[in-house]
Each structure stands twice: as structure tokens, then as C-alpha cells.
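> Compute the structure for the input listed below.
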Amino acid sequence: MAKYLLLKHYRGAPAPSNDVPMDRWTPQEVSAHIQYMRDFAAKLEQTGEFVDAQALAPEGTFVRYDGEGRPPVTDGPFAETKDLIAGWMVIDVETYDRALELAAELSAAPGAGGRPIHEWLELRPFMTELPTITE
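Residues are numbered from 1 along each chain as shown. Modelled structure (predicted):
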């Protein structure tokens with residue numbers, strides 16, 4: 001089994017074919033989208049392929065260390081220019097092809113008008129071994 005992270009980008013990824021921002025969806029469209037996500041996770045729980053999933057709030061801050069005794073440095077008030085991760089799901093599957101299949105299915109979650117979003121999802125494998133460093 002191999003673990004993969006599926007990242008749902010709200011901003012920063014290529015535009016989906018049903019490109020209506022979620023804040024312009026009706027309450028029923030939002031509910032249908034969330035139910036699709038829940039049903040998808042439940043299906044993967046039954047097959048043993050679901051690990052975890054979470055939706056993320058739109059606000060966030062980049063932070064870095066700025067030296068001993070100094071406060072952390074943040075990126076400033078420019079959230080509108082950042083990539084925005086809407087949520088993530090971790091799956092544990094037998095093959096890369098299975099991970100692709102599940103990511104494609106998740107991409108079909110309904111959006112505006114009840115039509116599939118066909119959003120782009122980022123599929124990232126978990127690192128299983130530390131890279132070897134040679135000199």
C-alpha cells in the first residue's frame with residue numbers, strides 16, 4: 001500500500017471546467033458538494049483506502065523563523081495573491097493507477113448547477129524513504 005495526498009486547490013491550480021466560485025453557489029449546491037465528498041470518503045472507508053480528510057479555512061499565514069529571540073516573520077497582508085488549498089484527503093492504495101482513478105473520481109464532485117466541477121487535484125505520494133545524500 002502507498003499513501004497519497006490529494007490536494008484540492010481553490011486558487012492556484014488550473015481553472016476547472018465548471019469554474020464558478022463556491023461563494024456564488026446556492027446552499028443546495030454547497031450541500032450537494034459536501035455530501036459527494038462524504039459519500040466518496042465512506043466508499044473508501046469500506047475498501048480500506050481512506051486515511052483522513054479535512055476542509056481548510058480560506059485564511060492562512062506563511063511563517064518563518066527570523067533568529068534567536070526575534071518574533072516570527074509573516075508574509076504580510078497579501079492573501080489574494082496566494083495559492084489557496086481548500087482541503088485535502090489522504091488515501092492508502094495499492095497502485096499509482098488506483099490513486100489516479102480515485103483523484104479523477106473526486107474531481108467530479110458537483111458544483112454550480114449540480115454539474116461536475118472537473119477540478120484539478122494535486123496528487124502527491126508520501127515519501128517512504130529519506131533521500132540518499134552522496135558527496
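> which residues touch the least confident helix or strand in the chain by mean pLDDT?
Lowest mean confidence among the helices and strands of the chain (mean pLDDT, DSSP states H and E): strand 73-74, at a mean of 82. Residues outside strand 73-74 that contact it (CB atoms under 8 Å, 6 or more residues apart in numbering) are 61-66. (Each C-beta comes from the backbone N, C-alpha and C, glycine too.)
> Name the nearest of the residues you listed relative to Glu119.
Nearest to Glu119 among the contacts of strand 73-74: Phe62, at 23.6 Å, using CB to CB.
> Pro72 is in contact with the closest one, correct?
No: at 10.0 Å, Phe62 does not count as touching Pro72 under the criterion of CB atoms under 8 Å.
> Show me whatever sits in contact with both of those two.
Shared contacts of Phe62 and Pro72, counting by CB under 8 Å, 6+ apart, come down to nothing at all.
> Can you verify my assumption that Leu100 contacts Leu123?
Yes: Leu100 lies in contact with Leu123 (CB under 8 Å); the separation is 6.9 Å.
> How is Leu106 assigned, secondary-structure-wise?
Secondary structure, DSSP: H, G, I helix; E, B strand; the rest coil: Leu106 is helix.
> ah, wrong one, I meant Gly69
Quick answer, by three-state DSSP: Gly69 is coil.
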